[in-house]
Each structure stands twice: as structure tokens, then as C-alpha cells.
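here's my sequence, what's the structure:
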Amino acid sequence: MFTYKYPHPSVTTDCVLFGFDGRELNILLIERGFDPFKGSWALPGGFLNMDETAEQGAKRELMEETSVTDVFLEQFHTFTDVDRDPRERVITIAFYALVRKSDFKVIAGDDAARAEWFKIHELPPLAFDHQEVIKMAQERLQEKIAMKPIAFRLLDEKFKMSELQRLYEVINEKSYERRNFAKKMIATGLLADRGPNTVPEQNRAATLYSFREDVYLSKCESHQWKKYPFDF
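So this is what the prediction gives:
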């Protein structure tokens, strides 16, 4: 059996899991149960198995450490600084994931003592270089929502225009004029009117909408989709 004589770095996957609670953008963190950084908060992740792809490893670690499954997941960067892990030379393939508002629950497991949501601007001190990983993931999310309708994956199937506007505001860190935002969003043709809100404790006069994925896919196939339709 042929083997390389050169030393090999270890490979891990880390996942920046974004969740929207209706008002703020949140990051899911785990409290590490083992050294290094035992007791510190960190991103869900771990070492890649020899028989799995990076995406498979990221999904497995999410499931093992947080019980989160079936989420939108996308790779965004590879972190290769030499001294980023005190144990050995470690290269990390980083992903970001989006969790719907109705799925905003987690259960810690595996080598995580517990898992908890933190507001993105109220994060505790983090292990490794995870502060940098989160910063880059946030920047990538801002880029992506200007090009693709991935923000809808952070909302329930039915949502109010005010929720959608608030989501874009917290991701892009700027405010939008209400009528102008609604006009531009409706002009994309991706929103289906689902009638008035029926939840008693909420604003019953508000119209509910849903994302029309069929229209989006049709526009992509016919090359009618603009490059930056959500760059408001």
C-alpha cells in the first residue's frame, strides 16, 4: 500500500448556524465539553472522518452536537492559519447554515456540554479563531442575500412583510423605508399573498406572504433572474 512520507494536517468542519427569532439574528454556539478550551463557547464542528465529504461531516457534526438536521448548508471558506489549533496543524472547512424560525430549538449532545443561541452582537468569548469565522460568515451572508432568495430560509412558510424587512435590516445592518421595501420586494414576483394574519396575539390586519420557489426556479431557467435583485 502506497503512503506519503510528508506529514498530513488534520481537517475539521465548523458550521456557523444562523437563526432569526423575529427581531434579531442569532448564532448557535456549543459549550465545549473537552480540552482544549473546555467550558468555552465555540461553533459546532469536529474532525472529518476518512469516509465522508466535508458537507457530510458538517451535517454529521451538527446532528451530533445540536440535534439540528435538514437545514440549508453552504461552504464559504477554508481557514488555514498554522497556529489556529493548539493540538496540531488543523485546516478547517467552514459552512454557514440557516434555520427556520419555527425550528429554533436545539439539544446539545456528543462532546458539547450544552448548546445555546446568542444574538450576533452579544457573543461570548470564543474558542480558537471562531470569532473570525463568524465575521466572515456574516459578510458572506450579506453578499448572498443580495443575489439569491436564501433569506426566506430563515422565516416560516408564512410570514409578514414586517418580519421580512426586519430580517434584511439585521443581516445588512441598515434600515429601510417600509413602503419602499415592500414595493421592491413585491416587484420581484417571488411573494405569494396568503391573506390576512389569523394569529390572535399578533397583528391580525397584517397580510401574510410565502416564498414562490417555483417562480424563482422558472426565472433562473429562463435567465430572467437579475444578478442583484435584493440589493436594496
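
same for the helix or strand of the chain with the lowest mean pLDDT, what does it pack against?
Across the helices and strands of the chain, mean pLDDT, DSSP states H and E gives its lowest value to strand 112-119, namely a mean of 84. If you count contacts as 3 or more Cβ pairs under 8 Å, 6 or more residues apart in numbering; DSSP states H and E, strand 112-119 packs onto strand 25-32, helix 54-66. Yep, even glycine has a C-beta here, placed from its N, CA and C like the rest.

would you mark the buried spots in the longest helix anywhere in the chain?
As assigned by DSSP state H, the longest helix anywhere in the chain is helix 130-147. Using 16 or more other Cβ atoms under 10 Å as the test for burial, helix 130-147 gives 130, 133, 134, 136, 137, 138, 140, 141, 144, 145, 146.

show me the contact partners of that helix.
When contacts are defined by Cβ atoms under 8 Å, 6 or more residues apart in numbering, helix 130-147 is touched by residues 14, 16, 18, 27, 42-43, 74, 76-77, 79, 92, 94, 96, 120, 123, 126, 150-151, 168, 171-172, 227-231.

try it again with 7 Å
14, 16, 18, 27, 42-43, 76-77, 79, 94, 96, 120, 150-151, 171-172, 227-228, 230-231 (Cβ atoms under 7 Å, 6 or more residues apart in numbering).

quick one: the least confident helix or strand of the chain to strand 25-32, angle?
160 degrees (axes from the mean of the first three to the mean of the last three Cα atoms, to 10 degrees).

listing partners with orientation, what would you give for strand 112-119?
Using DSSP bridges, strand 112-119 pairs in its sheet with strand 25-32 (antiparallel).

so residue 155 is in contact with residue 161, correct?
No. Contact criterion Cβ atoms under 7 Å: residue 155 and residue 161 do not qualify, at 11.0 Å.

check the offset of stretch 132-143 from the chain's centre.
Relative to the centre of its chain, stretch 132-143 is centred 10 Å away, using Cα atoms, centre = their mean, to the nearest Å.

quick one: which of residue 155 and residue 161 has more around it?
Higher neighbour count among residue 155 and residue 161: residue 155, with 21 against 17, using other Cβ atoms under 10 Å.

show me what contacts that one?
20, 100, 101, 163, 164, 167.

residue 170 versus that one, what's the distance?
Counting by Cβ to Cβ, to the nearest Å, the gap from residue 155 to residue 170 is 12 Å.

got the helices and strands packed on strand 112-119 as a markdown table, with mean pLDDT and mean neighbour count columns?
What follows is these, written out as a markdown table (pLDDT from 0 to 100; neighbours: other Cβ atoms under 10 Å):
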| stretch | mean pLDDT | mean neighbour count |
| --- | --- | --- |
| strand 25-32 | 93 | 22 |
| helix 54-66 | 92 | 20 |
